[in-house]
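Q: Can you look at this prediction? I've put the sequence above it.
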Amino acid sequence: MNEKIDKKIFELQADVCKTLTNPKRLEIIHALKNGEKSVTELVNILGIPKANVSQHLGVLRNKGILKARREGVNIYYRISNPKVIDACTLMREVLLEQIRERNAILTNSD
């Protein structure tokens with residue numbers, strides 16, 4: 001790839017990463033990893049008001065992370081690309097390994 005395209009990709013990547021800086025949005029992605037859910041289901045899982053859930057869903061949908069479909073009065077959301085789940089899972093694994101390493105250091109220093 002040429003340098004101009006690389007720069008644009010880095011900008012887009014940073015924009016998506018900014019979208020994922022909110023813990024509730026990461027919870028939404030985690031909740032959707034096994035398949036689509038309705039807004040009501042996500043409200044129950046997250047334990048926050050429907051207006052807040054809808055706002056987060058809108059941001060994730062606008063960034064292309066989620067897709068939505070309407071069925072009657074319900075709207076269902078799903079991950080647009082399974083690689084999003086892979087990326088979030090990988091980052092979570094890295095963080096868990098770091099926590100384990102820190103705990104091992106603390107345990108061994110006693």
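A: Yep, it's here.

Q: Sketch out the strands for this protein, chain order is fine.
A: Assigned by DSSP state E, the chain shows strands spanning 37-38, 66-71, 74-79.

Q: Adding mean pLDDT and distance to H56, write the ones you listed out as TSV.
A: C-beta: built from backbone N, CA, C; applies to glycine. Below are the strands of the chain laid out as TSV (pLDDT from 0 to 100; distance: least, CB to CB, whole Å):
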stretch	mean pLDDT	distance to H56
strand 37-38	98	13
strand 66-71	96	10
strand 74-79	97	10
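
Q: Throw those into a markdown table and include distance to R92 and mean neighbour count, thanks.
A: As requested, these are exported to a markdown table (distance: least, CB to CB, whole Å; neighbours: other CB atoms under 10 Å):
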| stretch | distance to R92 | mean neighbour count |
| --- | --- | --- |
| strand 37-38 | 19 | 16 |
| strand 66-71 | 18 | 13 |
| strand 74-79 | 15 | 16 |
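
Q: so can I have TSV of the ones you listed showing distance to V53?
A: Listed next are these as TSV, based on distance: least, CB to CB, whole Å:
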stretch	distance to V53
strand 37-38	10
strand 66-71	12
strand 74-79	10
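
Q: Contacts only, for the residue lying closest to K50 once chain neighbours are set aside.
A: Nearest non-adjacent residue to K50, counting by CB to CB, 6 or more residues apart in numbering: V43, 5.0 Å away. With contact set as CB atoms under 8 Å, 6 or more residues apart in numbering, V43 has these partners: P49, K50, V53.
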